[in-house]
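1. Here is my input, please return the structure:
(one chain, ligands or ions: 1)
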Amino acid sequence: MTTARSTTGDRSRPYKVVIPAAGLGTRFLPATKAIPKELLPIVDTPALQYIVEEAVDAGLNEVLVIVGRGKEAIIDHFDRAPELEAALEKKGDDDRLEAVRRSAELADVHYIRQGAPRGLGHAVACAAPYVGDEVFAVMLGDDLIDARDALLKPMLEVQQQLGGCVVALMEVPEDQVSMYGCAAVEEAPGITVSDDRALGGVVKVTDLVEKPGPEDAPSNLAIIGRYVLSPEIFEALEHTEPGRGGEVQLTDAMKDLAAQGVPMHGVVFRGRRYDTGDRGDYLRAVVRLAAERKDLGPPFVEWLGEFLEEIRADQSAKS
Ligand code: UTP
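-> Numbering: from 1, shown residues only. This next block holds a predicted model:
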């Protein structure tokens with residue numbers, strides 16, 4: 001039910017961020033049997049740390065991570081490591097010491113446990129006591145947005161101008177729409193944000209469909225892992241029935257809010273994004289970020305060139 005409370009958010013302090021990281025990560029088994037997929041390293045830094053860094057870069061440093069069974073390593077990663085720090089200090093290894101301390105000092109990180117992985121919507125609902133009656137951001141724990149391509153900040157700006165909820169959308173090939181939540185949209189002219197270099201515009205969302213078949217997809221705009229949500233979402237989630245696989249879908253609760261007249265907008269992202277829960281995308285993220293690193297990049301790119309030549313020579317020998 002829509003309530004009288006303001007959805008434009010009176011921003012006297014920064015938004016809280018919720019990062020759901022309690023999923024089973026089945027696409028990445030067996031690696032994720034004992035290791036949370038959100039901690040799989042992108043070169044030498046866990047995916048989840050990039051996401052917390054993105055929140056901090058957007059000016060948000062109050063973070064709630066939704067964890068589940070077997071995800072305790074996430075809590076350790078954002079905590080101090082006194083023995084490791086003492087050993088590095090003793091060796092005078094200042095760079096690694098700084099790297100180890102950085103994750104513990106990055107943000108104010110809190111945790112809530114999702115008793116069972118009952119879907120993204122259920123994970124977000126677990127954050128209600130922490131978030132309270134405020135607009136907040138949701139960042140998926142396995143969805144990496146390149147630090148050079150602004151997304152969250154423009155989304156927050158759109159929410160401040162228009163209220164309600166804002167989702168990140170990305171144009172995907174038609175045969176991939178069924179893997180995502182999909183948005184029906186209308187033009188929303190005249191909305192400006194401070195950095196739109198990685199964006200393809202802002203649209204009004206009129207409907208949302210979770211994982212539609214190609215014939216039911218209202219567009220090729222897929223929902224990706226960044227949301228700015230108004231607190232009405234918690235009430236909508238309470239009334240959202242579990243869908244496929246018994247999971248409570250966040251998309252279904254947002255669809256309800258849109259139908260009730262809560263403003264719903266989409267920011268179309270055209271920048272670099274990696275679904276690190278998907279093996280192919282994970283590999284692309286590792287290779288690209290390693291190639292671009294100042295310390296590792298030059299010899300790695302040289303080797304990559306030689307390796308590609310080898311592969312091509314093998315292929316032409318076989319054909
Ligand atoms: P995904 O659907 O990508 O995660 O959810 P999953 O279920 O772990 O993936 P697969 O398909 O089995 O490989 C997106 C984000 O939402 C979190 C996940 O941890 C991931 O970061 N999530 C998902 C939860 O926190 N709780 C859930 O019940 C489901």
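2. for the residue nearest the centre of the chain, what are its contacts?
-> For the chain, the residue nearest the mean C-alpha position is residue 140 (3.0 Å; C-alpha atoms, centre = their mean). Counting by C-beta atoms under 8 Å, 6 or more residues apart in numbering, residue 140 touches 19, 20, 51, 120, 224, 225, 226. For the C-beta atoms, the positions are set from N, CA and C on the backbone; glycine is no exception.
3. nearest to residue 318, of those?
-> Checking the contacts of residue 140 against residue 318 with C-beta to C-beta, the nearest one is residue 224 at 37.8 Å.
4. other SSEs contacting the longest strand anywhere in the chain?
-> Counting by DSSP state E, the longest strand found in the chain is strand 199-210. Identification of packing neighbours for strand 199-210 by 3 or more C-beta pairs under 8 Å, 6 or more residues apart in numbering; DSSP states H and E yields strand 165-171, strand 181-187, helix 250-259, strand 264-269.
5. Ok, which of the ones you listed comes nearest the ligand?
-> Taking C-beta to the nearest ligand atom, helix 250-259 is the member of the helices and strands packed on strand 199-210 nearest to the ligand, at 8.9 Å.
6. buried set for the closest one?
-> Using 16 or more other C-beta atoms under 10 Å as the test for burial, helix 250-259 gives 250, 251, 252, 253, 254, 255, 256, 257, 258.
7. Spatially, which two of those residues are the most separated?
-> Across the buried residues of helix 250-259, no pair lies farther apart than 250 and 258, at 12.6 Å, counting by C-beta to C-beta.
8. For the closest residue to the ligand within the chain, grab the count of nearby residues.
-> Nearest residue of the chain to the ligand: residue 23, at 2.1 Å (C-beta to the nearest ligand atom). Look at residue 23: counted by other C-beta atoms under 10 Å, it has 24 neighbours.
9. Give me the nearest residue to it, chain neighbours excluded.
-> Distances taken as C-beta to C-beta, 6 or more residues apart in numbering put residue 117 closest to residue 23, at 5.5 Å, once the chain neighbours are dropped.
10. tell me the SS of the one you found?
-> coil (DSSP: H, G, I helix; E, B strand; the rest coil).
11. tell me the phi and psi of it?
-> Backbone torsions for residue 117, taken as degrees, to the nearest 10, come to phi -70, psi 80.
12. measure it to residue 21 for me?
-> The gap separating residue 117 from residue 21 is 11 Å, by C-beta to C-beta, to the nearest Å.
13. likewise residue 319?
-> Residue 319 is 44 Å from residue 21, where distance means C-beta to C-beta.
14. can you check residue 169 too?
-> From residue 169 over to residue 21 the distance is 22 Å, taken as C-beta to C-beta.
15. Give me the more crowded residue out of the two.
-> Per other C-beta under 10 Å, whichever of residue 169 and residue 21 has more neighbours is residue 169, with 28 against 25.
16. Around residue 40, how many other residues sit close by?
-> Neighbours of residue 40 (other C-beta under 10 Å): 20.
17. swap in residue 231?
-> By other C-beta under 10 Å, the residues close to residue 231 number 17.
18. Tell me which residues touch it, please.
-> So residue 231 contacts 5, 131, 132, 133, 134, 135, 136 (C-beta under 8 Å, 6+ apart).
19. would TSV of these with distance to residue 37 and pLDDT be doable?
-> Shown next, in TSV, are the contacts of residue 231 (distance: C-beta to C-beta, whole Å; pLDDT from 0 to 100):
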residue	distance to residue 37	pLDDT
5	36	45
131	24	97
132	29	95
133	32	95
134	29	95
135	28	97
136	23	97
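20. From those, list the ones also adjacent to the ligand.
-> Applying C-beta under 6 Å from any ligand atom, the subset of these adjacent to the ligand is empty.
21. So which of these belong to helices?
-> Judged by DSSP state H, the contacts of residue 231 include residue 131 as members of helices.
22. Just among the contacts of residue 231, which is most surrounded?
-> residue 135 (26 neighbours).
23. Could you look up the SS state of the nearest residue to residue 202 once chain neighbours are set aside?
-> Among residues not flanking residue 202 along the chain, residue 191 sits closest, at 4.4 Å (C-beta to C-beta, 6+ apart). Of the three states, residue 191 takes coil under three-state DSSP.
24. before we move on, the earlier item: let me have the helices and strands packed on strand 199-210 in TSV, adding distance to the ligand as columns.
-> Formatted as TSV, the helices and strands packed on strand 199-210 follow (distance: least, C-beta to the nearest ligand atom, whole Å):
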stretch	distance to the ligand
strand 165-171	13
strand 181-187	11
helix 250-259	9
strand 264-269	17
